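A.B. asks: compute the structure for the input listed below.
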Amino acid sequence: MFDTVKFSRQSKIDSAGRIVLPIELRNRLGVKKGDAVILEEAGDEVRLISVQQARRNAKAYFQSLGSSGTRWSDELLAERREESRRE
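C.D. replies: This is a model prediction of the structure:
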C-alpha cells in the first residue's frame, strides 16, 4: 500500500492516453515538460516517480545490501579465490 496520500485530484485521460499532472504536483516532484518519469503498477494502483527519485531509491536499496565499506566485486573475487584454492 502507498504511503500517506499527500495529494489527490481527479484527472482525465485523453484519447492519446495522456494525463495532465497539475502544476503543484509537477513542482513537488521536480518534473518539467519533456522529463522522463517512471510508472509502477502496484496491485490495482499506479505510482508515478521522477527518474531522479527512482535513482535515489535504487542507490539506497543497493547500499542497504552491502557490507559497510566492502565492495561486492571484492567479495566476489575473494569467494572465487577461495573456491580455486580448494580445487
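A.B. asks: so where's the protein uncertain?
C.D. replies: Scanning the chain for pLDDT under 70 picks out the ranges 1-3, 66-70.
A.B. asks: nearest residue to the middle of it?
C.D. replies: In the chain, the residue lying closest to the centroid (CA atoms, centre = their mean) is residue 54, at 2.7 Å.
A.B. asks: so residue 41, which of the three states?
C.D. replies: Judged by DSSP: H, G, I helix; E, B strand; the rest coil, the three-state class of residue 41 is strand.
A.B. asks: distance check, it against residue 48.
C.D. replies: 11 Å (CB to CB, to the nearest Å). Heads up, the C-betas are built off the backbone N, CA and C, glycines and all.
A.B. asks: neighbour count winner among the two?
C.D. replies: residue 48 (14 against 8; other CB atoms under 10 Å).
A.B. asks: returning to that earlier point: residue contacts, the residue nearest to the centre of the chain?
C.D. replies: residue 38 (CB atoms under 8 Å, 6 or more residues apart in numbering).
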